[in-house]
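**Student:** no sequence on hand, only this structure:
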Ligand SMILES: NCCCC[C@H](N)C(=O)NCC(=O)O
């Protein structure tokens with residue numbers, strides 16, 4: 001009887017260790033991504049950043065990923081050069097971008113300078129910090145698609161959605177820690193220093209880089225344990241530029257990409273303003289304001305793997321995405337109601353948002369390999385991230401602009417610093433609108449799945 005060949009993938013210890021190592025790198029990346037958001041008030045009071053400066057800085061996340069198409073380039077590099085090269089390149093880029101951002105926030109050499117670049121006028125510090133963030137964002141996004149491909153490599157036909165859910169949960173731990181710790185770290189030792197949390201993030205990222213180097217050894221071992229392909233098979237499997245055309249002419253892929261941009265636009269940009277929302281609408285003190293939004297990522301830490309596991313075993317991926325979108329709509333709509341301003345309500349809504357934010361990603365990312373073949377997977381994920389980055393870039397800037405133009409209600413002195421107060425009804429209605437559109441695309445995806453038989457409603461584990 002022919003013996004079934006075992007590879008390193010078949011060792012549960014090896015594949016879960018590989019997951020833990022790359023997930024830690026993502027945790028470090030997400031910490032830096034979100035560490036500035038809770039500092040909005042301090043940036044306004046200490047460094048003179050207005051809401052539109054803050055929105056402009058946050059939009060830098062997409063400058064290179066979107067306009068220079070760096071994410072797409074990253075996806076192509078991933079499919080051509082493999083996960084080791086691309087992951088290492090991405091983590092080094094993250095570190096470089098963070099060094100620039102840290103310098104911009106900590107230096108006084110840019111004080112008083114205002115630059116005008118294209119249509120945008122902002123303090124030089126905002127531009128340079130944005131430049132660092134934009135470079136970092138290329139790294140963290142390319143790392144994200146690389147890690148998705150790594151997980152697929154180790155977990156296909158096994159606990160794929162659970163593994164992806166656990167990776168996202170670990171990354172969200174980075175977001176939660178960033179939101180909860182940024183203000184206390186900036187205010188530690190009795191001296192307010194907004195660059196201090198960024199320095200901590202930089203140190204974490206260097207450890208994340210080392211962690212990825214460790215993964216590279218595991219990846220080499222995995223490749224060595226698998227059946228070596230013949231030249232003909234390798235040629236057949238090689239990624240071709242024409243594959244991009246195949247991806248973007250796939251209706252199912254478009255539905256996922258559009259659902260992704262709409263859904264994430266209602267969550268990540270919301271998180272950037274959530275601390276400020278807690279202060280302005282729910283009257284929470286600045287010290288504690290980050291605690292409530294930080295419950296969202298912490299809530300998703302258990303639920304994303306839980307729903308991933310459910311998808312692996314029971315299927316119903318498209319339905320999971322529909323329910324998640326419904327929850328997002330309900331939460332943002334309730335956040336926009338002016339008379340619901342008790343902090344307990346804020347906690348309840350954030351927790352429900354956490355459920356919605358666990359449901360959609362736990363089903364969406366593991367569904368991509370059901371629609372797109374493995375050799376195009378890096379590019380397919382990269383293109384989805386690219387579409388998504390339009391939202392991650394545009395929506396924070398839009399909300400910052402809306403706040404400054406239509407929502408200022410007065411000024412207060414907090415910790416000796418004069419800052420604006422805002423009415424968040426309009427921004428929350430905008431977030432609700434994204435949820436409604438996401439729901440429509442979740443339904444369209446379900447219909448397309450029924451037509452094409454992608455198997456989104458089927459379990460991932462092959463028995
Ligand atoms: N604040 C981090 C933004 C990461 C965006 C990334 N493109 C992504 O969608 N990753 C999957 C996830 O659910 O975090």
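**Tutor:** Cool, the structure landed. Every value quoted in this text rests on a predicted model; they were computed, and no experiment measured them.
**Student:** going forward, measure contacts and count neighbours with C-alpha atoms only.
**Tutor:** Noted.
**Student:** which stretches of the stretch 1-150 of the chain form helices?
**Tutor:** Assigned by DSSP state H, counting those that start in this stretch, the stretch 1-150 of the chain shows helices spanning 12-34, 40-47, 51-59, 70-81, 83-106, 124-155.
**Student:** compare those helices and give me the one nearest residue 202.
**Tutor:** With CA to CA, the closest approach to residue 202 among the helices of the stretch 1-150 of the chain belongs to helix 83-106: 6.2 Å.
**Student:** mind listing what's buried in that closest one?
**Tutor:** Applying a neighbour-count criterion of 16 or more other CA atoms under 10 Å, one finds 83-84, 86-106 buried in helix 83-106.
**Student:** chain neighbours aside, what residue packs nearest to residue 378?
**Tutor:** Spatial nearest neighbour of residue 378, chain neighbours left out: residue 75 (5.0 Å); criterion: CA to CA, 6 or more residues apart in numbering.
**Student:** if we can go back for a sec, want to try a markdown table for the helices of the stretch 1-150 of the chain, with mean pLDDT as columns?
**Tutor:** A markdown table is the format used below for these (pLDDT from 0 to 100):
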| stretch | mean pLDDT |
| --- | --- |
| helix 12-34 | 97 |
| helix 40-47 | 88 |
| helix 51-59 | 88 |
| helix 70-81 | 92 |
| helix 83-106 | 97 |
| helix 124-155 | 96 |
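**Student:** tell me which of the ones you listed lies nearest to residue 419.
**Tutor:** helix 40-47 (6.4 Å).
**Student:** report all helices and strands that that closest one contacts.
**Tutor:** helix 51-59, strand 417-422 (3 or more CA pairs under 8 Å, 6 or more residues apart in numbering; DSSP states H and E).
**Student:** distance between that helix and the chain's centre?
**Tutor:** For helix 40-47, the separation from the chain centroid amounts to 24 Å (computed by CA atoms, centre = their mean, to the nearest Å).
**Student:** now it: buried residues?
**Tutor:** Buried residues in helix 40-47, counted by 16+ other CA under 10 Å: 40-45.
**Student:** what's the closest of those to residue 55?
**Tutor:** Closest approach to residue 55 among these (CA to CA): residue 40, at 9.7 Å.
**Student:** correct me, but the closest one touches residue 274?
**Tutor:** No: look at residue 40 against residue 274 with CA atoms under 8 Å: they stay out of range, at 10.3 Å.
**Student:** where does this structure get nearest to the ligand, residue-wise?
**Tutor:** Closest contact between the chain and the ligand, by CA to the nearest ligand atom, is at residue 385 (4.9 Å).
**Student:** pull up the gap between that residue and residue 132, please.
**Tutor:** Per CA to CA, to the nearest Å, residue 385 is found 20 Å from residue 132.
**Student:** could you do residue 56 as well?
**Tutor:** Distance of residue 56 to residue 132, computed by CA to CA: 13 Å.
**Student:** could you do residue 258 as well?
**Tutor:** Distance, residue 258 to residue 132, by CA to CA: 28 Å.
**Student:** more neighbours, these two?
**Tutor:** Regarding residue 258 and residue 132, a neighbour count based on other CA atoms under 10 Å identifies residue 132 as having more, with 26 against 18.
**Student:** quick one, what contacts the more buried one?
**Tutor:** Neighbouring residues of residue 132 by CA atoms under 8 Å, 6 or more residues apart in numbering: 96-101.
**Student:** and those, which is closest to residue 138?
**Tutor:** Of all the contacts of residue 132, residue 97 has the smallest distance to residue 138: 8.9 Å, by CA to CA.
**Student:** what are the boundaries of the strands in the stretch 351-463 of the chain?
**Tutor:** Under the criterion DSSP state E, counting those that start in this stretch, the stretch 351-463 of the chain carries strands at the ranges 408-414, 417-422.
**Student:** CSV please, covering those and showing mean pLDDT and mean neighbour count.
**Tutor:** Below are the strands of the stretch 351-463 of the chain laid out as CSV (pLDDT from 0 to 100; neighbours: other CA atoms under 10 Å):
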stretch, mean pLDDT, mean neighbour count
strand 408-414, 90, 12
strand 417-422, 88, 17
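**Student:** right, and those strands - which one's nearest residue 79?
**Tutor:** Comparing those under CA to CA, the one sitting nearest is strand 417-422, at 45.8 Å.
**Student:** which elements pack onto the closest one?
**Tutor:** Helices and strands touching strand 417-422, by 3+ CA pairs under 8 Å, 6+ apart, are helix 40-47, strand 408-414.
**Student:** got the contact list for it?
**Tutor:** 41, 44-46, 280-281, 403, 407-413.
**Student:** go again with 6 Å.
**Tutor:** With contact meaning CA atoms under 6 Å, 6 or more residues apart in numbering, strand 417-422 is reached by 45, 407-412.
**Student:** ok, now stretch 97-105?
**Tutor:** Residues outside stretch 97-105 that contact it (CA under 6 Å, 6+ apart): 125, 128-129, 132-133, 135-136, 195, 198.
**Student:** among these, which two are most distant?
**Tutor:** The span of those, defined through CA to CA, is set by 135 and 195 at 17.8 Å.
**Student:** what about those two, which has more around it?
**Tutor:** residue 135 (26 against 21).
**Student:** how far away is the closest residue to the more buried one other than its chain neighbours from residue 281?
**Tutor:** The shortest distance from residue 135 to any non-neighbouring residue, by CA to CA, 6+ apart, is to residue 97 (4.8 Å). Distance of residue 97 to residue 281, computed by CA to CA: 34 Å.
**Student:** swap in residue 329?
**Tutor:** According to CA to CA, residue 329 stands 19 Å off from residue 281.
**Student:** likewise for residue 39?
**Tutor:** Distance of residue 39 to residue 281, computed by CA to CA: 17 Å.
**Student:** repeat for residue 254
**Tutor:** From residue 254 to residue 281 the distance is 37 Å (CA to CA).
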